[in-house]
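Peer 1: What follows is a protein structure lacking sequence information:
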């Protein structure tokens, strides 16, 4: 007698909160295409404002977007929006299943003045602490995420392709 294992059930719908002006070649946009190709339903919630800069209109839009999501929903958060999402995350982190899509962390930008880099580091570190998982495209980004105290078992290596989409869907 042969036993067949059933594949893990995929979420019926995944929500993605991202900057409205995110370029087409950004990690978040490429992951959306990979996830859609893999059969996942994606609902995009685009935030206005300049990202990754902190902006009051983006913070308000983030509050509204997260408040409208159904309890238990898997929610992907584009790393470029983390600074504007940071204030909203604590209130919703228990009812929503957050995963960050992090192409790079902005606190590590060498062009930032030291005080701004420190403030951004605190924002990104606090936001990432509330994530169930952090999806990254490569080992260098994974190392930067670990520098913020994120445990390696919460980091998912997910290239924006079929294998990466499968890896990400398996942990949502």
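Peer 2: Perfect, I can see it now. As the structure is a computational prediction, the values presented were derived from the model and not from experiment.

Peer 1: C-alpha from now on. contacts and neighbour counts both.
Peer 2: Noted.

Peer 1: From the contact counts, what lies against the lowest-mean-pLDDT helix or strand in the chain?
Peer 2: Scoring the helices and strands of the chain by mean pLDDT, DSSP states H and E places helix 82-85 at the bottom, with a mean of 86. Judged by 3 or more C-alpha pairs under 8 Å, 6 or more residues apart in numbering; DSSP states H and E, the packing partners of helix 82-85 are helix 56-67, helix 114-129.

Peer 1: And stretch 77-97, end to end?
Peer 2: Taking C-alpha to C-alpha, to the nearest Å, stretch 77-97 runs 10 Å from one end to the other.

Peer 1: still on that earlier bit, what's the first helix or strand after the least confident helix or strand of the chain?
Peer 2: helix 89-92 (DSSP states H and E).

Peer 1: Give me the contact list for the next helix or strand along the chain from that next one.
Peer 2: Downstream of helix 89-92, the next assigned helix or strand under DSSP H and E is strand 97-101. Contact with strand 97-101 is made by 27-28, 72-79, 128, 130-136, 172, as judged by C-alpha atoms under 8 Å, 6 or more residues apart in numbering.

Peer 1: among the residues you listed, which are in strands?
Peer 2: With DSSP state E as the criterion, strands contain 74, 75, 76, 77, 78, 133, 134, 135, 136 from among the contacts of strand 97-101.

Peer 1: Can you tell me how far the residue positioned nearest the centre of the chain is from residue 85?
Peer 2: Nearest to the geometric centre of the chain sits residue 100, at 2.0 Å (C-alpha atoms, centre = their mean). The spacing between residue 100 and residue 85, counted by C-alpha to C-alpha, is 11 Å.
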